[in-house]
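**Q** My questions concern the predicted model and sequence given below.
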Amino acid sequence: MLRIAIQTKGRLNEQSMELLNAAGVRIGDDKRKFLMQAKDFPVEILFLRDDDIPQTVAMGAADLGIVGYNEVAERGYDVDILQHLGFGACRISLAIPKNEPYTGLNYFNGKRIATSYPNVLKKFFDENNINAEIHTITGSVEISPAAGLADAIFDIVSSGGTLVSNGLTEVEKVLFSDAVLVGTPNLSEEKMAVARQLMFRFDSIQKGKGKKYLMLNLPVAAVDAAIEILPSMKSPTVIPLAQKEWCSLQTVVDDNDLWTVIERLKAIGAEDILVLKLDKIVL
Ligand code: PRT
Ligand code: ZN
């Protein structure tokens, strides 16, 4: 039985559960249990604080884990990064009071920096020959400068709203992070086979994200022009219609290109355009 550790509650819990669910790993929702077996799949889910996931996986008490890359980098345990999962994106950045003139990395020499990521910060400062005082705190790092506890902070940023509301400005983006699937080094072949099966499913789910399935009717004479417009996996599917001079065309389009593609297709005579949600792409 493959054991996967995920966050009990917090920012990564919901998306980890959604991803597992979409990959066919379904568990009940008994919030009191810390270990739950999946229905129809040889997997059990262990619920932990995110701080404990890298160590648990490194020790082999869980075979796989879903955790922010920031935690993996900070804790330094020996785990394999098997896959980036495309959610929980954030960065760990240095931020200073917004009215301070920033003079480059040398600014931090002799300064006090508050952070919950002392190891990542120390490595960054060592690599850049900066001599600063690192203060490790676990609570609300962002209030430290205003409270007189530090001159600057090194903390997780996602929208940047927290920095702004604390009068801070981001000056160095040091580490980019997203949720990653980590594994115990040297998993048995049997467990690795299940892990690979899951990774394949996760990959298909990620490939379907940000894409739509497009169906439309088009004059046959315009098919070549449509193929020029459409970015598709191999080439678009073209199906004849009862009305001989018309056909139906189906393809996958990136969300970012959707409206441009639709407008260009309409301009060459496309009609009855349907945009459908895409769940997974299995290649
Ligand atoms: O209880 P447990 O220990 O499990 O959870 P936790 O409280 O330590 O972590 P949690 O749930 O807050 O975050 C889990 C993971 O989500 C982190 O380790 C990151 O990998 C990822 N993540 C993504 C974030 C953010 N975005 C994020 N914005 N983690 C924290 N934040 C916080 C940040 O600390 C700061 O206070 O949000 C604030 C900044 O957000 P913006 O949008 O205002 O910039
Ligand atoms: Zn935590």
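**A** Yep, it's here. Ligands and ions are numbered 1, 2, ... in the order given.
**Q** Not counting sequence-adjacent ones, nearest residue to the residue of the chain most remote from its centre?
**A** Here the chain reaches farthest from its C-alpha mean at residue 244, the gap being 46.6 Å by C-alpha atoms, centre = their mean. Distances taken as C-beta to C-beta, 6 or more residues apart in numbering place residue 220 nearest to residue 244, at 7.7 Å, with adjacent residues excluded. For the C-beta atoms, the positions are set from N, CA and C on the backbone; glycine is no exception.
**Q** In contact with the one you found: list those residues for me.
**A** Residues in contact with residue 220 (C-beta atoms under 8 Å, 6 or more residues apart in numbering) are 244-247.
**Q** what about it, distance to residue 21?
**A** 43 Å (C-beta to C-beta, to the nearest Å).
**Q** Pull up the gap between the residue nearest to residue 244 and residue 234, please.
**A** Here the criterion is C-beta to C-beta. By it, residue 220 lies 20 Å from residue 234.
**Q** Surely residue 53 touches residue 67?
**A** Yes: Residue 53 lies in contact with residue 67 (C-beta atoms under 8 Å); the separation is 4.1 Å.
**Q** residues from the stretch 101-250 of the chain in reach of ligand 1?
**A** 142, 155-162, 177 (C-beta under 6 Å from any ligand atom).
**Q** Buried subset of the residues you listed, written for PyMOL?
**A** Selecting only the buried entries of these in PyMOL, with 16 or more other C-beta atoms under 10 Å as the criterion:
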select buried, resi 142+155+156+157+162+177
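**Q** who touches stretch 20-38?
**A** With contact meaning C-beta under 8 Å, 6+ apart, stretch 20-38 is reached by 1, 3-4, 6, 8, 39-41, 43-48, 198, 201-202, 205, 279-280.
**Q** Give me the subset of these that lies in strands.
**A** Among those, DSSP state E puts 3-4, 6, 43-48 in strands.
**Q** So which bits of the chain are right by ligand 2?
**A** 50-51 (C-beta under 5 Å from the ion).
**Q** repeat that for 6 Å
**A** 49-51 (C-beta under 6 Å from the ion).
**Q** Most neighbours among the residues you listed, which one is it?
**A** Highest neighbour count within the residues of the chain next to ligand 2, by other C-beta atoms under 10 Å: residue 50, with 24 neighbours.
**Q** before we move on, the earlier item: separation between the residue farthest from the centre of the chain and residue 221?
**A** Distance from residue 244 to residue 221, by C-beta to C-beta: 11 Å.
**Q** Quick one: distance of the helix or strand where residue 153 lies to the chain centre.
**A** Here residue 153 sits within strand 152-157, counting by DSSP states H and E. Centroid separation between strand 152-157 and its chain, computed with C-alpha atoms, centre = their mean, to the nearest Å, is 20 Å.
**Q** by contact count, what packs against it?
**A** On a contact count with 3 or more C-beta pairs under 8 Å, 6 or more residues apart in numbering; DSSP states H and E, strand 152-157 meets strand 90-97, strand 112-115, strand 168-177.
**Q** ok now do residue 136, which residues does it touch?
**A** Here residue 136 is in contact with 115-116, 118 (criterion: C-beta under 8 Å, 6+ apart).
**Q** Need the contact partners of the strand or helix carrying residue 226.
**A** Per DSSP H and E: residue 226 is located in helix 223-229. For helix 223-229, the surrounding residues in contact (C-beta under 8 Å, 6+ apart) are 218, 235-236, 238, 247, 249, 261, 264-265, 268, 270.
**Q** between those, which is closest to ligand 1?
**A** Nearest to ligand 1, judged by C-beta to the nearest ligand atom, of these is residue 261 at 31.6 Å.
**Q** doesn't residue 211 make contact with that closest one?
**A** No: in this structure, residue 261 is not within contact of residue 211 by C-beta under 8 Å, at 11.8 Å.
**Q** Looking at these two, which one has more neighbours?
**A** Counted by other C-beta under 10 Å, residue 261 and residue 211 do not tie: residue 261 has more neighbours, with 21 against 18.
**Q** picking that back up, give the residues shared as contacts by residue 53 and residue 67.
**A** Here residue 53 and residue 67 have 5, 7, 182 as joint contacts, going by C-beta under 8 Å, 6+ apart.
**Q** Just put those residues in JSON lines and tack on neighbour count.
**A** Shown next, in JSON lines, are the shared contacts of residue 53 and residue 67 (neighbours: other C-beta atoms under 10 Å):
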{"residue": "5", "neighbour count": "27"}
{"residue": "7", "neighbour count": "26"}
{"residue": "182", "neighbour count": "27"}
